[in-house]
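Novice: Test case, fold it:
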Amino acid sequence: MRIRQIFVSAGHNYFGHHGQAPDDHPPIAVERIECIAGRGIRGDRFYDFSEDYKGQITFFSAEVFESLARTLNVPSKSAGVLRRNVIVSGVDLNALIGKEFELQGVRFRGTAHCKPCHWLNQAFAEGTEQFLKDNGGLRAQILTDGTIAVGEAELLILPKQDHTKKTKSVAS
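Specialist: Okay, the predicted model is just below:
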């Protein structure tokens, strides 16, 4: 698999703006991001958004983006307008829902499909929301601190962890 592009944005353009005009916080392409366990991407709009937030980081398929751009005849826009953080190739993101995985030494938990919203029709082109109905990307939680960068990335699917078990300390 390959990490093709990474985007962050300091603020929300659409999230929380229902019925209002979008804000103007452009996606910024970066070469690497600092992932902080349980908090998100340092410098991104969802950093410390809420406890256990399912979308601390989002992933999107470069292959899906290329197909979207071809189908809707929009060759000049960047994948960044879709407001996903990490654009990857060579992986089925939907297969990572409910799985723990590792990229470049950072662990993640795939939490949900990143359902496309109606504003995508405005941000990219009319028909985008429908096109991305089952391929809107992956929301994930960050489980360990670390940095990920544009480039090759071995995807490791990790054994399922039981995060509900508590260990007892035994006093001697």
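Novice: After the top helix by length along the chain, which helix or strand is next? Please name it.
Specialist: Ranked by residue count, the top helix of the chain under DSSP state H comes out as helix 62-71. Using DSSP states H and E, the helix or strand that follows helix 62-71 towards the C-terminus is strand 86-89.
Novice: Return the set of buried residues in that following strand.
Specialist: Residues 86, 87, 88 are the ones in strand 86-89 that count as buried (16 or more other C-beta atoms under 10 Å). Quick note: C-beta positions are derived from backbone N, CA and C, even for glycine.
Novice: same question, stretch 152-159
Specialist: With the criterion 16+ other C-beta under 10 Å, stretch 152-159 contains buried residues residue 153.
Novice: Distance across it, terminal residue to terminal residue?
Specialist: 22 Å (C-alpha to C-alpha, to the nearest Å).
Novice: Other residues contacting that stretch?
Specialist: 1-3, 88, 91, 96, 99-104, 107 (C-beta atoms under 8 Å, 6 or more residues apart in numbering).
Novice: if I pick the residue nearest to residue 133 when sequence neighbours are not counted, what's in contact with it?
Specialist: For residue 133, ignoring the flanking residues on the chain, the nearest one in space by C-beta to C-beta, 6 or more residues apart in numbering is residue 116 at 6.7 Å. For residue 116, the contact set (C-beta under 8 Å, 6+ apart) comprises 128, 129, 132, 133, 136.
Novice: Now the residue sitting nearest the centre point of the chain. Nearest residue, chain neighbours left out?
Specialist: Nearest residue to the geometric centre of the chain (C-alpha atoms, centre = their mean): residue 58, 0.7 Å. Excluding the flanking residues, the one nearest residue 58 by C-beta to C-beta, 6+ apart is residue 84, at 4.4 Å.
Novice: on that earlier part again, the residue nearest to the centre of the chain belongs to a strand?
Specialist: Yes - the assignment for residue 58 by DSSP: H, G, I helix; E, B strand; the rest coil puts it in a strand.
Novice: so it touches residue 140, yeah?
Specialist: Yes - between residue 58 and residue 140 there is a contact under C-beta atoms under 8 Å: 7.2 Å.
Novice: can I get the buried residues of strand 86-89 in a markdown table with pLDDT and distance to residue 152?
Specialist: As requested, the buried residues of strand 86-89 are exported to a markdown table (pLDDT from 0 to 100; distance: C-beta to C-beta, whole Å):
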| residue | pLDDT | distance to residue 152 |
| --- | --- | --- |
| 86 | 98 | 14 |
| 87 | 98 | 14 |
| 88 | 98 | 11 |
